[in-house]
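In: take this sequence and fold it.
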Amino acid sequence: MDQENHPLNIIKEREPLPSWLHRKLPSKKEYSVTDNLINQKMLATVCEEAKCPNRFECYSKKTATFLLLGKICTRACGFCEIGYSKTPPPLDPLEGKKVAESVTTLGLKHVVLTQVARDDLEDGGASSIVNTIKEIRKAQPCCTIEVLISDLQGNMDAIDLILGEKPEIFNYNVETVRRLSPKVRHKATYERTIEILTRAKRKLPESFIKSGLMLGLGEEDYEIEETLQDLHSIGIDIVTMGQYLKPSKRKLSVKEYVHPDKFASWKVKGEELGIPFIYSGPYVRSSYNAGAVFDKLRSLGDSESPLGS
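Out: Residues are numbered from 1 along each chain as shown. Now for the predicted structure:
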């Protein structure tokens, strides 16, 4: 992909961006290694399908967030550009093996797995996700695994299938504040998000529990603080906070471009509340630098951190 078609440049054509959202793109050479491998294996990544502005950078570092269960979602959330259909294609029975082979080829030490919502499947695709985790562990036993799931329509038995694999990081994004959740998300609710994260924290005492939210959708400061307080009350370990960027004309508009200093202040506020790790900045996304975040949190050695030494 040339720089002209990079998602950040496409966004620039649609609306003027503040100076802090301008940055130099990395070299195409390293990007192509990851891009070619993903195309060769016919895999989907959330980086590509959601038009993530960090895609060029992450591919250049030979990292990507694998998008499981195909690349067509059964939901049409107001912020997300992933393709939508009520009747997506059948699952690829070899998806798990292909992902595991890609993890091996890229030499990944930490892999992030996310999914499209598959409300057409009885278990929301949980069994397929579990299979992919098993294939990765078979191929690369030392690779740590982070999963970022949907709510599986509140099917707690299906969620427990994934929790039963004990991923090192379990992530389910709150996405936005309570008031805006019905507008921003299609079916998922704020209350169900808190319920799922609470369940994960209880069932995975030795894992890190993670969530994230986007800023710039019209939320008020007090609502952000309330959200952080709700996440802290669960015992959340990692919170990501980033700027919402409109991926296409048909999606929700940006209400505010939040200054980097404000993101820095939210990091301080979250840590003051007692959240162990806040990753906050305009370009931060759920899986951005996920391996580095995992290593950093482990290295803290805090007795309160479940994986601390």
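In: list the contacts for the closest residue to residue 152 other than its chain neighbours?
Out: Excluding its sequence neighbours, the residue lying closest to residue 152 (C-beta to C-beta, 6 or more residues apart in numbering) is residue 124, at 3.5 Å. C-beta coordinates here come from the backbone N, C-alpha and C atoms, glycine included. Contacts for residue 124 (C-beta atoms under 8 Å, 6 or more residues apart in numbering) come out as 117, 118, 150, 152, 153, 155, 158.
In: wasn't the last one part of a helix?
Out: Yes: with DSSP: H, G, I helix; E, B strand; the rest coil as the criterion, residue 158 is part of a helix.
In: which SS state does the residue nearest to residue 152 fall under?
Out: coil.
In: pLDDT score assigned to residue 105?
Out: If you check residue 105, the pLDDT there is 87.
In: any idea how far it is from residue 98?
Out: Distance, residue 105 to residue 98, by C-beta to C-beta, to the nearest Å: 11 Å.
In: of the two, which one has the most company?
Out: For the pair residue 105 and residue 98, the greater number of neighbours falls to residue 98 (18 against 14), based on other C-beta atoms under 10 Å.
In: could you look up the SS state of that one?
Out: helix.
In: returning to that earlier point: and the residue nearest to residue 152, how far from residue 69?
Out: Where residue 69 is concerned, residue 124 sits at a distance of 8 Å (C-beta to C-beta).
In: and for residue 254?
Out: Taking C-beta to C-beta, one finds residue 254 at 29 Å from residue 69.
In: of these two, which one has the most company?
Out: Neighbours around residue 254 and residue 69, counted as other C-beta under 10 Å, are more numerous at residue 69. The numbers are 25 against 19.
In: was I right about that one contacting residue 128?
Out: Yes: counting by C-beta atoms under 8 Å, residue 69 touches residue 128, with 6.0 Å between them.
In: mutual contacts of those two, please.
Out: Common neighbours of residue 69 and residue 128 (C-beta under 8 Å, 6+ apart) are 91, 95.
In: show me the shaky parts of the stretch 201-309 of the chain.
Out: Applying pLDDT under 70 to the stretch 201-309 of the chain flags residues 301-309.
In: which residues of it fall in helices?
Out: With DSSP state H, counting those that start in this stretch as the criterion, the stretch 201-309 of the chain has helices at 221-234, 260-273, 290-299.
In: how about those in TSV, adding mean neighbour count and distance to residue 24?
Out: Formatted as TSV, the helices of the stretch 201-309 of the chain follow (neighbours: other C-beta atoms under 10 Å; distance: least, C-beta to C-beta, whole Å):
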stretch	mean neighbour count	distance to residue 24
helix 221-234	17	30
helix 260-273	16	17
helix 290-299	18	20
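In: what would those helices look like in JSON lines with distance to residue 20?
Out: Below are those laid out as JSON lines (distance: least, C-beta to C-beta, whole Å):
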{"stretch": "helix 221-234", "distance to residue 20": "19"}
{"stretch": "helix 260-273", "distance to residue 20": "5"}
{"stretch": "helix 290-299", "distance to residue 20": "21"}
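In: what's the closest of the ones you listed to residue 40?
Out: helix 290-299 (22.7 Å; C-beta to C-beta).
In: ok, back up a step: now the contacts of residue 124: which count as buried?
Out: 117, 118, 150, 152, 153, 158 (16 or more other C-beta atoms under 10 Å).
In: and which of those residues is nearest to residue 289?
Out: residue 150 (22.6 Å).
In: how close does the residue nearest to the closest one when sequence neighbours are not counted get to residue 188?
Out: Ranked by C-beta to C-beta, 6+ apart and with sequence neighbours excluded, the top spatial neighbour of residue 150 is residue 117, at 4.3 Å. Remark: distance between residue 117 and residue 188 (C-beta to C-beta) = 8 Å.
In: ok, now residue 275?
Out: 22 Å.
In: ok, these two, which is more surrounded?
Out: For residue 275 versus residue 188, neighbours defined as other C-beta under 10 Å are more numerous around residue 188 (24 against 21).
In: setting aside sequence neighbours, what's the nearest residue to that one?
Out: Residue 188 sits nearest to residue 151 (C-beta to C-beta, 6+ apart), 4.8 Å away.
In: so residue 67 sits in a strand?
Out: Yes: under three-state DSSP, residue 67 falls within a strand.
In: wait, isn't it in contact with residue 118?
Out: No: the pair residue 67 and residue 118 fails to qualify as a contact (C-beta under 8 Å) at a distance of 11.6 Å.
In: quick one, strands of the stretch 151-300 of the chain?
Out: 169-171, 208-215, 238-243, 277-280 (DSSP state E, counting those that start in this stretch).
In: what do residue 117 and residue 188 both touch?
Out: Contacts common to residue 117 and residue 188, judged by C-beta under 8 Å, 6+ apart, are 75, 150, 151.
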